[in-house]
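Enquirer: Need coordinates for the following:
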Amino acid sequence: MRRGLIFAYGAICYVIFLATFVYAIGFIGNFVVPRGLDGPTTGSLWDAFLINLTLLTAFALQHSVLDLDR
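Expert: Residues are numbered from 1 along each chain as shown. Model (predicted):
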């Protein structure tokens, strides 16, 4: 029973990864996805700037905190 659950978990993770990877290919190639990489702009430049700044700050903080564990 336990071995079957481990296999099922691995198979589900693989399918999720595969779907994400195929969607990324469609996003970059602009086919079969609702919105591609070269799609029209819907938000403002400042919104994009603030979102990117927030994500980069979160990334830097996470790696700074992880570096303290050494």
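Enquirer: Give me the phi and psi for Arg35.
Expert: When quoted as degrees, to the nearest 10, the phi and psi of Arg35 stand at phi -140, psi 120.
Enquirer: So it versus Ile28, what's the distance?
Expert: Using CB to CB, to the nearest Å, one obtains 12 Å as the distance from Arg35 to Ile28. Quick note: C-beta positions are derived from backbone N, CA and C, even for glycine.
Enquirer: do Val65 as well
Expert: The gap separating Val65 from Ile28 is 32 Å, by CB to CB.
Enquirer: out of these two, which sits in the busier spot?
Expert: Shown here are Val65 and Ile28; by other CB atoms under 10 Å, Ile28 has more neighbours (12 against 9).
Enquirer: Please tell me how far Ala58 sits from Ser64.
Expert: Remark: distance between Ala58 and Ser64 (CB to CB) = 11 Å.
Enquirer: now swap in Thr54 and tell me
Expert: 16 Å.
Enquirer: for Ala19, same thing?
Expert: 33 Å.
Enquirer: Would you mind listing the residues in contact with Gly43?
Expert: Residues touching Gly43, when contacts are defined by CB atoms under 8 Å, 6 or more residues apart in numbering, are absent altogether.
Enquirer: Kindly list the main-chain dihedrals of it?
Expert: Main-chain dihedrals, Gly43, degrees, to the nearest 10: phi -110, psi 180.
Enquirer: Walk me through the domains of the chain.
Expert: 1-39, 42-70 (automatic domain parsing).
Enquirer: can you pull out the helices in the protein?
Expert: Defined through DSSP state H, the helices belonging to the chain, from first to last, are 2-29, 45-67.
Enquirer: Gly39: which of those is closest?
Expert: Smallest distance to Gly39 across those (CB to CB): 9.3 Å, for helix 2-29.
Enquirer: what about the helix or strand bottoming out on mean pLDDT in the chain, distance to the chain center?
Expert: Evaluated with mean pLDDT, DSSP states H and E, the helix-and-strand set of the chain has its lowest mean pLDDT in helix 45-67, which scores a mean of 92. The chain centroid and the centroid of helix 45-67 are separated by 15 Å, computed with CA atoms, centre = their mean, to the nearest Å.
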